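S.K.: I would like to see how this sequence folds:
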Amino acid sequence: MTIDFAKMLTDLEPDQVLDVRGETCPFPALHSKKMLQKVAPGTVLEILIDHPPAAEETVPGICAAKNWPYVSVKEGGYWRIKIKKTSK
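M.R.: Numbers count the residues shown, from 1 in each chain. Down below sits the predicted model:
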């Protein structure tokens, strides 16, 4: 049995929301890392980003490095990235 993390995260309400719209690299990634360090494992963090490199590469790269499931959805001119922090 495989777990569909994208479906799971899409349906979950975030515990916290970080809005970094209007910021350009490296600030979306820096703010995201800082917030992810603060929140406890098990937290669902939603990050709102309108800077394409941060939304498409940098923040997903942070998740991949930690093996945290995430889902990214583009809405108009910005992305909603939901991350489930599963470990420290």
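S.K.: going forward, measure contacts between C-alpha atoms and count neighbours the same way
M.R.: Noted.
S.K.: can you tell me the distance between the two ends of stretch 29-45?
M.R.: 14 Å (CA to CA, to the nearest Å).
S.K.: quick one: average pLDDT of that stretch?
M.R.: Summarised as a single mean, pLDDT over stretch 29-45 is 95.
S.K.: list the buried ones in it?
M.R.: In terms of neighbour count (16 or more other CA atoms under 10 Å), stretch 29-45 has its buried residues at 29, 31-32, 36, 43-45.
S.K.: Tell me the predicted confidence for residue 26.
M.R.: On the pLDDT scale, residue 26 gets 92.
S.K.: what about it, distance to residue 40?
M.R.: According to CA to CA, residue 26 stands 24 Å off from residue 40.
S.K.: circling back: let's see which of the buried residues of stretch 29-45 end up in strands.
M.R.: 44-45 (DSSP state E).
S.K.: Export the buried residues of stretch 29-45 as TSV, with columns for distance to residue 22.
M.R.: Formatted as TSV, those follow (distance: CA to CA, whole Å):
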residue	distance to residue 22
29	13
31	13
32	14
36	20
43	25
44	22
45	19
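S.K.: Show me which pair in the buried residues of stretch 29-45 is furthest apart.
M.R.: 29 and 43 (17.9 Å; CA to CA).
S.K.: show me where pLDDT drops low in this structure?
M.R.: Judged by pLDDT under 70, the chain has its weakly predicted residues at 1-6.
S.K.: mind listing the helices for it?
M.R.: Applying DSSP state H to the chain gives helices spanning 5-11, 27-38, 52-53, 59-66.
S.K.: got a list of contacts for the first one?
M.R.: Counting contacts by CA atoms under 8 Å, 6 or more residues apart in numbering, the residues outside helix 5-11 that touch it are 69-71, 82-84.
S.K.: So for that helix, what gets flagged as buried?
M.R.: Applying 16+ other CA under 10 Å to helix 5-11 flags 9-10 as buried.
S.K.: send the alpha carbons of it over as CSV?
M.R.: C-alpha atoms of helix 5-11 as CSV (Å, rounded to 0.1, in the frame of the first residue of the first chain):
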residue,chain,number,x,y,z
PHE,A,5,1.0,12.4,0.4
ALA,A,6,-0.2,15.0,-2.2
LYS,A,7,-3.8,14.0,-1.6
MET,A,8,-3.3,13.8,2.2
LEU,A,9,-1.7,17.3,2.3
THR,A,10,-4.2,18.8,-0.1
ASP,A,11,-7.0,17.8,2.3
